[in-house]
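Student: Return a 3D structure for these sequence lines:
(one chain, ligands or ions: 1)
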Amino acid sequence: MQLFLDTANLDEIREAVNWGVISGVTTNPTLMAKEQISYQERVSEICQIVPGPVSVEVLAQDAASMVREAREFSTWAPNVVVKIPMTKEGLKAVKDLTAAGIQTNVTLVFALNQALLAALAGASYVSPFVGRLDDIGHDGMALVGQISALFQGCNFPTRVIAASIRHPLHVTQAAQAGAHIATIPFSVLEGMLQHPLTDAGVKRFLEDWQKVAPSLEKK
Ligand code: E4P
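Tutor: As a prediction, this is how the structure comes out:
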């Protein structure tokens, strides 16, 4: 199980990489828009910080334009993975990009059959969106489990990224459901780290030591 960071914010990426727990980054047009900087500039910056896969989403709607965009993105850095929406045109693009040796992440996956099609077209990754399914009363994590089991059973090399992760419990559940990766916002990463008993324990250890330290220093 690996963790990717779901952000285009450099401060968050630098901080998470320093913790030693992040293997890659995923972005999307919404996350990029928050940064108010060109795609190319920000993607190049992210790829210098993160050696692992960095997903960059196409904006085009038709397969030929998606492939054109993808080819351009892949010249920006060797670790760029092109994010392609789960549409008919997207599948055509995935097929062509796979043949060209360009890695793809099929995004906006909400059903098992969509994941199956993406894997058959040759996707390197598929991203089922857990939180957005939960939002409409479906069980997003059940889908992650079904896709993981299907891919394992069929020996598909496509990796499953649990996406649209909203809280730390989602990460635990994604690992248990067999996802290869969870891509998470920085706030969720921070939430995974925190425990009140850890804070209380650190405080108490220091206080206990401080009670004796002054007398020991005099000796
Ligand atoms: C995944 O790659 C997407 O960027 C992301 O997880 C979307 O999550 P959201 O539903 O919180 O926008």
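
Student: List the contacts of the spatially most central residue of the chain.
Tutor: In the chain, the C-alpha nearest the mean C-alpha coordinate belongs to residue 183, at 2.6 Å (Cα atoms, centre = their mean). Neighbouring residues of residue 183 by Cβ atoms under 8 Å, 6 or more residues apart in numbering: 3, 4, 5, 6, 24, 26, 127, 161, 162, 163, 165. Bear in mind the C-beta positions are built from the backbone N, C-alpha and C, glycine included.

Student: Ranking by neighbours, what's the top pick from these?
Tutor: The most crowded member of the contacts of residue 183, judged by other Cβ atoms under 10 Å, is residue 162 (32 neighbours).

Student: quick one: that residue and residue 144 touch, right?
Tutor: Yes: between residue 162 and residue 144 there is a contact under Cβ atoms under 8 Å: 4.9 Å.

Student: shared neighbours, those two?
Tutor: Residues touching both residue 162 and residue 144 (Cβ under 8 Å, 6+ apart): 128, 130, 174, 177, 179.

Student: In terms of helix, strand or coil, where does the residue nearest to the centre of the chain fall?
Tutor: strand (DSSP: H, G, I helix; E, B strand; the rest coil).

Student: I'd like to know how far it sits from residue 129.
Tutor: Distance, residue 183 to residue 129, using Cβ to Cβ, to the nearest Å: 10 Å.

Student: Return the set of buried residues in the least confident helix or strand in the chain by mean pLDDT.
Tutor: One helix or strand of the chain scores below all others by mean pLDDT, DSSP states H and E: helix 196-218, with a mean of 93. By 16 or more other Cβ atoms under 10 Å, helix 196-218 has no buried positions at all.

Student: ok so, going back, shared neighbours, residue 183 and residue 129?
Tutor: Residues touching both residue 183 and residue 129 by Cβ under 8 Å, 6+ apart: residue 163.

Student: Would you mind listing what in this structure touches the ligand?
Tutor: Selection of the chain residues close to the ligand by Cβ under 6 Å from any ligand atom yields 6, 26, 28, 107, 127, 129, 131, 132, 163, 164, 183.

Student: Name the helix or strand for the fourth one, please.
Tutor: Which is residue 107. Under the criterion of DSSP states H and E, residue 107 resides in strand 104-109.

Student: What are the boundaries of the strands in this structure?
Tutor: In the chain, the strands defined using DSSP state E lie at 2-6, 24-26, 54-57, 80-85, 104-109, 125-128, 159-162, 181-184.

Student: Does anything pack onto the fourth one? Which helices or strands?
Tutor: Using 3 or more Cβ pairs under 8 Å, 6 or more residues apart in numbering; DSSP states H and E as the contact test, the elements touching strand 80-85 are strand 54-57, helix 63-76, helix 88-99, strand 104-109.

Student: In the sheet, which strands lie alongside that strand, parallel or antiparallel?
Tutor: Strand 80-85 pairs in its sheet with strand 54-57 (parallel), strand 104-109 (parallel), by DSSP bridges.

Student: do the same with the second one
Tutor: Here strand 24-26 is paired, per DSSP bridges, with strand 2-6 (parallel), strand 54-57 (parallel).

Student: Now tabulate those in JSON lines and tack on mean pLDDT and distance to residue 95.
Tutor: Shown next, in JSON lines, are these (pLDDT from 0 to 100; distance: least, Cβ to Cβ, whole Å):
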{"stretch": "strand 2-6", "mean pLDDT": "98", "distance to residue 95": "24"}
{"stretch": "strand 54-57", "mean pLDDT": "98", "distance to residue 95": "18"}
